[in-house]
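J.: build the 3D model from these lines:
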Amino acid sequence: MTRSELIQKVADWTFEITPVQAEMIVSGMLDEIVCALEKGQRVELRNFGTFYPRHRPAHKGRNPKTGEPVTVPDRKVMRFKAGKDLKEHLNGKKPEVRWTDER
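T.: Numbers count the residues shown, from 1 in each chain. Predicted coordinates:
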């Protein structure tokens, strides 16, 4: 699913918001998740999963073309851990997961 498909689905869930308003909601949520991760915070979406930042220290690697040793700089990476309900749903143990009241 692409971002625009997600926006359209959010707009379709209710007749009270337009696709433009749905785009503002989706963009706002994604911006808040990114801001929290940039600050080193975890973002937990109950029953769905948790996004959390990790620090990868610098390490030695090799240039695959030349075999020459290089230093790979340290960096931040993002991880996602699926929640219990999401894992059960994906593995067929939970026939239906409702993230909203009505669809």
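
J.: could you look up the SS state of residue 92?
T.: coil (DSSP: H, G, I helix; E, B strand; the rest coil).

J.: quick check on it: phi, psi?
T.: phi 80, psi 10 (degrees, to the nearest 10).

J.: and residue 68, how many residues sit next to it?
T.: Counted with other C-beta atoms under 10 Å, residues neighbouring residue 68 total 9. C-beta: built from backbone N, CA, C; applies to glycine.

J.: now do the closest residue to it other than its chain neighbours against residue 71, distance only.
T.: Ranked by C-beta to C-beta, 6 or more residues apart in numbering and with sequence neighbours excluded, the top spatial neighbour of residue 68 is residue 62, at 6.9 Å. Counting by C-beta to C-beta, to the nearest Å, the separation of residue 62 from residue 71 is 11 Å.

J.: and residue 51, by the same measure?
T.: Per C-beta to C-beta, residue 51 is found 28 Å from residue 71.

J.: which stretches of this structure aren't confidently modelled?
T.: 95-103 (pLDDT under 70).

J.: hey, where'd the strands end up in it?
T.: For the chain, the strands defined by DSSP state E occupy 43-45, 49-56, 59-62, 69-72, 75-82.

J.: which residues does the fourth one contact?
T.: Where contact means C-beta atoms under 8 Å, 6 or more residues apart in numbering, the residues beyond strand 69-72 that reach it are 58, 59, 60, 61, 62, 63.
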